[in-house]
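Asker: Let's see this in three dimensions:
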Amino acid sequence: MHFVPERLISLRQSLGINKAEAARRLNMSAMGYGRYENGDREPSYQTVSFIAQTFHSSVDYLYGISNDKDATILTISKDEEPELFVLVQSARNDRKLLERLLAYAEKANKNSENK
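Answerer: A predicted model of the protein is given here:
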């Protein structure tokens, strides 16, 4: 597998951010980030995973395996989203709660589509 720099550029542009902001979000130097976009340096798999997670995309997209930019895995942080974290934890342990939440989400999605 080889990292596709054009995918990183496309992803950054779809987020409406410049290179400096992308580097800041990834907690790396602008020069280091620029090397990934220019194809001068191949990021490690761990770095690609972090980029995908931070930019809400997938590793497969950044490696050119998939054309779908959307994330295939979501990470919910207890520190950043405590209520959602508790909700997901509760649903994982209670099948009936999960079914009720899914039914509610489906109804909410239908209502938002009808507006």
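Asker: all contacts plus neighbour counts: C-alpha atoms, from now on.
Answerer: Noted.
Asker: Show me this structure divided up by domain.
Answerer: By the assignment in automatic domain parsing, the chain contains the domains 5-62, 82-113.
Asker: now do the same end-to-end measure for the first one.
Answerer: Looking back up the chat, that one is domain 5-62. One end of domain 5-62 to the other measures 8 Å (Cα to Cα, to the nearest Å).
Asker: what distance separates the start and the end of stretch 15-32?
Answerer: One end of stretch 15-32 sits 19 Å from the other (Cα to Cα).
Asker: what residues does that stretch touch?
Answerer: 12, 33, 34, 50, 51, 54, 55 (Cα atoms under 8 Å, 6 or more residues apart in numbering).
Asker: ditto for stretch 55-63
Answerer: Residues lying outside stretch 55-63 but in contact with it, judged by Cα under 8 Å, 6+ apart, are 1-5, 7-8, 11-12, 15, 48-49, 52, 66-74.
Asker: Mark which of the contacts of stretch 15-32 are buried, thanks.
Answerer: Judged by neighbour count, with 16 or more other Cα atoms under 10 Å as the criterion, the buried members of the contacts of stretch 15-32 are 12, 33, 34, 50, 51, 55.
Asker: tell me which element the third one is part of?
Answerer: Element membership of residue 34, judged by DSSP states H and E, is helix 30-38.
Asker: Counting by contacts, list what the helix or strand just after that helix packs against.
Answerer: Scanning the chain past helix 30-38 towards its C-terminal end, the next helix or strand to appear is helix 45-54 (assignment: DSSP H and E). Under the contact criterion of 3 or more Cα pairs under 8 Å, 6 or more residues apart in numbering; DSSP states H and E, the helices and strands touching helix 45-54 comprise helix 59-62.
Asker: Could you give the separation of the helix it packs on from the chain centroid?
Answerer: Here helix 59-62 shows a centroid-to-chain-centroid distance of 10 Å under the convention Cα atoms, centre = their mean, to the nearest Å.
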